[in-house]
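Participant: coordinates only, sequence not included:
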């Protein structure tokens with residue numbers, strides 16, 4: 001026991017297997033336990049980083065997919081706008097054509113009425129000519 005105390009004062013200790021150690025057995029055990037806890041913590045941290053990495057990757061993929069869908073939607077909206085403008089232009093052309101045909105119809109109606117009047121006048125002239133003879 002005195003030898004152990006003298007060795008302890010010199011900073012040397014015996015472990016449970018009676019091996020000479022520089023560290024106290026209790027400190028050595030705590031150090032080993034701390035080493036294990038640190039190793040477990042590092043492993044958990046690495047696993048957490050892996051999970052976060054895959055989550056970031058997934059979020060990036062979703063963002064790209066959303067951007068792609070947004071572009072498709074913008075393209076579709078622009079296409080609809082251009083189709084609507086084309087329809088509007090076609091409608092205006094057809095309205096102009098209708099107005100032109102209506103004016104032509106009115107000219108033909110006036111021309112027809114005039115020809116009918118001329119025909120009536122000529123028939124009257126012929127009738128008078130025949131009755132004179």
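Facilitator: That came through fine. Remember, it's a predicted structure, so these values are computed and weren't measured experimentally. Residues are numbered from 1 along each chain as shown.

Participant: what is the burial count for residue 28?
Facilitator: Number of residues near residue 28 (other C-beta atoms under 10 Å) recorded here: 14. (Each C-beta comes from the backbone N, C-alpha and C, glycine too.)

Participant: against residue 42, how distant is it?
Facilitator: 21 Å (C-beta to C-beta, to the nearest Å).

Participant: mean confidence for the host helix or strand of residue 99?
Facilitator: Using DSSP states H and E, residue 99 sits in helix 25-132. Helix 25-132 shows a mean pLDDT of 95.

Participant: buried residues in stretch 70-90?
Facilitator: Going by neighbour count (16 or more other C-beta atoms under 10 Å), nothing in stretch 70-90 comes out as buried.

Participant: sorry, wrong one. I was asking about stretch 100-113.
Facilitator: Going by 16+ other C-beta under 10 Å, stretch 100-113 has no buried residues at all.
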